[in-house]
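*Asks:* structure for this input, please:
(one chain, ligands or ions: 2)
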Amino acid sequence: MRPLAVLGAGSWGTAVAILLAHNGHRSLLWGRDAAQLEQIAKTRRNAAYLGTVALPAGITPCADLDSVLRQARDLFIAVPSAAFPAFVAGLRGRLRPDARLVSLTKGLELETADTLDSVVARCLGDTIEQAVVSGPTFAREVARGLPTAVTVAARPAAFAETVAGWLHGVQLRAYTSDDLLGVELGGALKNVLAIAVGIADGLGMGANARAALITRGLAELSRLYHAAGARTETLMGLSGLGDLVLTCTDDQSRNRRLGLALGRGSTLEMALDEIGQAVEGATTARSVMRLAQRYAVELPICEWVHRVLYEGVAAREAVAQLLAREPKAEAATFGL
Ligand SMILES: NC(=O)C1=CN([C@@H]2O[C@H](COP(=O)(O)OP(=O)(O)OC[C@H]3O[C@@H](n4cnc5c(N)ncnc54)[C@H](O)[C@@H]3O)[C@@H](O)[C@H]2O)C=CC1
Ligand SMILES: O=C(CO)COP(=O)(O)O
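*Replies:* Ligands and ions are numbered 1, 2, ... in the order given. All right, here's what the predicted structure looks like:
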């Protein structure tokens, strides 16, 4: 049987390759750093990202991207969103004619705030079959074989079933959806909200504030989903509420850790340096203003994060601004 391919040998790409192997699927794992791949092939571990987990035999590290693209029809993409558009554009003309893409990336295109499925369609044509996988999935837990569940959305919808079939097993339940937009928006925006919750926790604002922020973050997402034409069921599902709760509440989240560091007084540069891996919310916070404008919705928590990250507003001052917003009827704020 043809191998699957995972493009991007960081935490999540490696964890997904391990999950696929547990489900009996062979995969080629490509990364841009040939020396790192050689090391992975030799030690059967990805020391830089998931050093404690041994790679199953079904994974073959391969540094030659064109060789991977010739061998595999189905390509899981796990590069950070900042690299995603250029990476996908770079695949043009190199793919098998029947190639299909599965995005594991959570984010938006920086300059346009477009969702990544739109980027794929723009770069590779809108007839290419593509799917997105999203949900509460810390790479380390998935790699260790701990249980979770995800949403898989695709265009055409039937491709979601194929992808879910590869991922679904005793360890992970994969639910299908045809709401690509909703799945993309949830995965991208929850990272910004996790930074907000991290900041509040870093400032020592307490458990009540954490729960209030998550809920008001959900209201923010609900307004956006409604205005953009995504579905409320998607928001209530694994790629929406599921991942929002996970990322906002557990310190495995790099986005939450960024917020914690900022709340405790670190600079953005120091905090990102210390984390040393993709912190998608820091990029997405920059696109979020454009998104709010495009759909004419208020996203005050996301905008608050932007002010702290990029406009030099002190975290405590930004919280005061958020709390000073005028009171309203709660139901109306969900945009339904
Ligand atoms: N780590 C996690 O628990 C999860 C991560 N994700 C998403 O997966 C995506 C990737 O994140 P992680 O693997 O966690 O990040 P990471 O920081 O662990 O790894 C990123 C990998 O991408 C590679 N990379 C960066 N720019 C590249 C380029 N231009 N071309 C090729 N490779 C490039 C890096 O070398 C690195 O190997 C993000 O969008 C993240 O939100 C989704 C679910 C879980
Ligand atoms: O998306 C994730 C879990 O579902 C990973 O979250 P972080 O990128 O914040 O670590």
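*Asks:* what does the stretch 1-150 of the chain have sitting close to ligand 2?
*Replies:* 106, 136-138 (C-beta under 6 Å from any ligand atom). (Each C-beta comes from the backbone N, C-alpha and C, glycine too.)
*Asks:* out of these, who's near ligand 1?
*Replies:* Subset of these in contact with ligand 1: 106, 137-138, counting by C-beta under 6 Å from any ligand atom.
*Asks:* most neighbours, which of these?
*Replies:* Among those, Lys106 has the most neighbours (other C-beta atoms under 10 Å), with 29 neighbours.
*Asks:* where does that one land in three-state SS?
*Replies:* Of the three states, Lys106 takes coil according to DSSP: H, G, I helix; E, B strand; the rest coil.
*Asks:* does it touch Leu189 like I think?
*Replies:* No. Checked against C-beta atoms under 8 Å, the pair Lys106 and Leu189 is beyond contact range at 9.2 Å.
*Asks:* doesn't Cys248 make contact with Arg257?
*Replies:* No. Arg257 is beyond contact range of Cys248, at 11.7 Å (criterion: C-beta under 8 Å).
*Asks:* what is in contact with those two at once?
*Replies:* Gly198 (C-beta atoms under 8 Å, 6 or more residues apart in numbering).
*Asks:* show me which of the two is the more surrounded one.
*Replies:* Cys248 (26 against 21).
*Asks:* quick check: which element contains the more buried one?
*Replies:* Element membership of Cys248 [criterion: DSSP states H and E] is helix 243-249.
*Asks:* and Ala296, that's in a helix?
*Replies:* No. Looking at Ala296 with three-state DSSP, it is coil, so not inside a helix.
*Asks:* contacting residues for it?
*Replies:* Contacts for Ala296 (C-beta under 8 Å, 6+ apart) come out as Ala227.
*Asks:* distance of it relative to ligand 2?
*Replies:* As for Ala296, its distance to ligand 2 is 28 Å (criterion: C-beta to the nearest ligand atom, to the nearest Å).
*Asks:* any idea of the pLDDT on that residue?
*Replies:* Listed pLDDT for Ala296 reads 97.
*Asks:* any idea what sits nearest Pro136, other than its immediate chain neighbours?
*Replies:* Leu246 (3.8 Å; C-beta to C-beta, 6 or more residues apart in numbering).
*Asks:* hmm, the one you found is touching Glu141, no?
*Replies:* No. Using C-beta under 8 Å as the test, Leu246 is too far from Glu141 to be in contact (9.8 Å).
*Asks:* more neighbours: those two, which one.
*Replies:* More neighbours surround Leu246 than the other of Leu246 and Glu141, with 21 against 17 (other C-beta under 10 Å).
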